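Following is a predicted model, sequence given first.
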Amino acid sequence: MTASDPITVSVVQHRLIGVVEEMGEAMLRTAFSQILNSSRDFSTAICGADGRLVAQAEHIPVHVGALPLATKAVCDAFGGDIHPGDVFLLNDPYFGGSHLPDLTAFVPVFIDSELSFWTVNRAHHSDIGGATHGAYNAAATEIWHEGLRVPPIRLYDRGQIRQDLLQMLKANVRHPRDFEGDLSAQIGSVHLGERRLEELAAEFDGPTLKQSADKILDATEQQVRAIVETWPDGVYTGEAVLDDDGRGNEDIVIRATVTVCGSQLTVDLRESDSEVASFLNSSYANMRSAVAMALSFLLDPEIAKNDGAMRPVDIMAKPGTIVYSKPGAPVTMSTSHCAQEIIEAIVVALSQACPERAMAGWGRRLRIAIKGQDPRNGRPFIWHMFHARPGAGASAGGDGWHNGGEWHSAGGLKFGSVEVAEVRFPLFFPHSIGF
């Protein structure tokens with residue numbers, strides 16, 4: 001078989017998906033914090049050497065759509081100074097991060113001494129420092145109020161950890177033991193992916209593996225274009241509204257103008273309202289992720305979710321707007337809001353072109369984190385509430401799912417066991433039985 005053989009390409013595609021899923025299982029079973037090992041607020045992916053998203057597991061959609069920009073940020077920061085054994089980190093939303101609690105670990109994968117892939121793990125840490133535990137600081141008026149900013153950095157240099165850098169990171173978070181344990185789980189996850197890709201390259205050889213990855217993206221692009229071509233050409237508009245910014249400004253509007261021309265889409269968000277002095281703003285990377293999610297919801301579910309799906313899409317946005325804030329603006333809530341409203345505005349617009357694919361709006365909620373000391377053992381704790389989730393919107397196919405969560409996580413976040421939460425934290429959930 002050769003890389004041009006469709007069977008080889010299909011086998012490689014399924015093997016890559018198997019790799020990212022295994023990375024996720026390793027993360028789930030080794031992470032320390034409830035937000036990761038119970039609620040599963042993490043995502044795993046494989047990117048090409050140039051940052052293109054090649055494969056992802058079915059975890060948190062809002063994470064993954066931003067990963068190509070994050071991987072490119074690491075490549076831009078370190079250029080040719082990337083070596084086997086290196087591990088890189090970042091969380092800064094203005095370098096491709098989602099929001100500060102989402103710390104991303106990257107491992108470069110070398111095949112035949114050439115950088116060929118990146119294995120990536122983005123995980124929402126229980127705390128990332130800043131003025132408020134859990135990072136959701138409603139009083140924040142700038143990103144420095146929200147936590148520790150990590151631009152692209154090298155944590156491991158050719159296999160050797162930089163202990164001084166790790167100590168600096170731990171000194172800036174409230175629960176350093178959990179932080180280090182969760183970070184170690186991430187690093188173990190991406191190293192596992194590295195080993196699996198090396199094994200896959202030994203089985204298929206490096207050129208075949210890389211050529212197959214290219215063809216996977218090409219095939220996804222063709223599938224997406226075939227669907228978009230069935231939508232009537234035209235210019236479609238949609239809006240979604242944020243209730244307020246906590247500063248007295250109400251009805252903050254996100255406006256999407258979507259142009260369908262043949263198999264090409266242009267998503268124009270430039271007429272959205274200006275950025276605000278609160279944590280609802282979105283960075284460009286988070287906005288790009290929301291656009292990718294909106295398109296994914298309107299495509300056939302079996303189509304692979306990779307960078308090929310974004311090739312038919314041009315994005316237009318204006319710096320200084322709620323969807324594309326200028327560096328320094330607070331953004332911690334943006335992975336929920338305004339990401340969800342960006343998705344909604346685009347789906348509303350395209351509901352006029354493909355009503356049979358669109359769905360009603362999903363429920364909304366704000367994030368809640370509780371901090372305290374466990375009287376049973378004297379240990380401090382931070383508990384992120386995932387046990388109250390809104391429902392999904394209905395579609396032409398039927399009712400939406402109860403408690404499906406928010407649009408941006410699409411069921412990837414889990415409730416976790418109430419009984420386990422009561423054992424791990426000094427909490428009591430009243431139980432009721434209905435008939």
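Happy to help now that I have it. Numbering: from 1, shown residues only.

Touching, P327 and E142? I think so.
No - using CB atoms under 8 Å, P327 is not in contact with E142, being 10.2 Å away. Placement of C-beta: from N, CA and C, glycine included.

For T208, give its distance to L192.
22 Å (CB to CB, to the nearest Å).

ignore the last one, K326
38 Å.

neighbour-wise, which of the two wins?
Taking neighbours as other CB atoms under 10 Å, K326 and L192 compare with L192 leading, 21 against 12.

so the residue nearest to the spatial centre of the chain, which of the three states?
By CA atoms, centre = their mean, the chain has its centre lying nearest to H63, at 0.2 Å. Secondary structure, DSSP: H, G, I helix; E, B strand; the rest coil: H63 is helix.

so the nearest residue in space to it that is not next to it in sequence is in which element?
Nearest non-adjacent residue to H63, counting by CB to CB, 6 or more residues apart in numbering: S43, 3.8 Å away. Assigned by DSSP states H and E, S43 belongs to strand 42-48.

For that strand, give me every contacting residue.
16, 19-21, 23-24, 27, 31, 36, 53-57, 59-60, 63-64, 67-68, 71, 116-124, 186, 189-190, 193, 197, 210, 213, 412 (CB atoms under 8 Å, 6 or more residues apart in numbering).

and it, which strands flank it?
Each strand paired with strand 42-48, and its direction, by DSSP bridges: strand 53-56 (antiparallel), strand 114-124 (antiparallel).

can you give me the mean pLDDT across that strand?
Per-residue pLDDT over strand 42-48 has a mean of 98.

got the CA coordinates for it in CSV?
Taking C-alpha atoms only, strand 42-48 is exported to CSV below (Å, rounded to 0.1, in the frame of the first residue of the first chain):
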residue,chain,number,x,y,z
PHE,A,42,-9.5,18.8,28.9
SER,A,43,-8.9,18.0,25.3
THR,A,44,-6.2,16.1,23.3
ALA,A,45,-5.1,16.6,19.7
ILE,A,46,-2.5,16.0,17.1
CYS,A,47,-1.3,18.9,15.0
GLY,A,48,1.1,18.9,12.0
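
for that strand, the distance to its chain's centre please.
Chain-centre distance of strand 42-48: 9 Å, with CA atoms, centre = their mean, to the nearest Å.

Sketch out the strands for the protein, chain order is fine.
42-48, 53-56, 87-90, 102-111, 114-124, 153-157, 160-161, 234-244, 250-261, 264-268, 313-316, 369-373, 380-384 (DSSP state E).

Can you check which of the ones you listed gets nearest to E344?
strand 234-244 (3.9 Å; CB to CB).

So, low pLDDT: which residues of the stretch 251-400 of the chain?
388 (pLDDT under 70).

One more pass at 50, please.
For the stretch 251-400 of the chain, no stretch is flagged by pLDDT under 50.

just the stretch 1-150 of the chain next, same as before
Using pLDDT under 50, the flagged stretches of the stretch 1-150 of the chain are 1.

residue ranges for the helices of it, please.
Applying DSSP state H, counting those that start in this stretch to the stretch 1-150 of the chain gives helices spanning 6-30, 34-37, 61-64, 67-78.

Quick one: these as CSV, columns for distance to F386 too.
Output for the helices of the stretch 1-150 of the chain, formatted as CSV (distance: least, CB to CB, whole Å):
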stretch, distance to F386
helix 6-30, 15
helix 34-37, 8
helix 61-64, 15
helix 67-78, 22
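
Which of those helices has the highest mean neighbour count?
helix 61-64 (a mean of 27; mean count of other CB atoms under 10 Å).

neighbouring contacts of that one?
42-43, 45, 53, 56, 98, 102, 122, 286, 289-290, 292-293, 296, 305, 335, 339, 408-410, 412.

Quick one: buried ones out of these?
42-43, 45, 53, 56, 98, 102, 122, 286, 289-290, 292-293, 296, 305, 335, 339, 408-410, 412 (16 or more other CB atoms under 10 Å).
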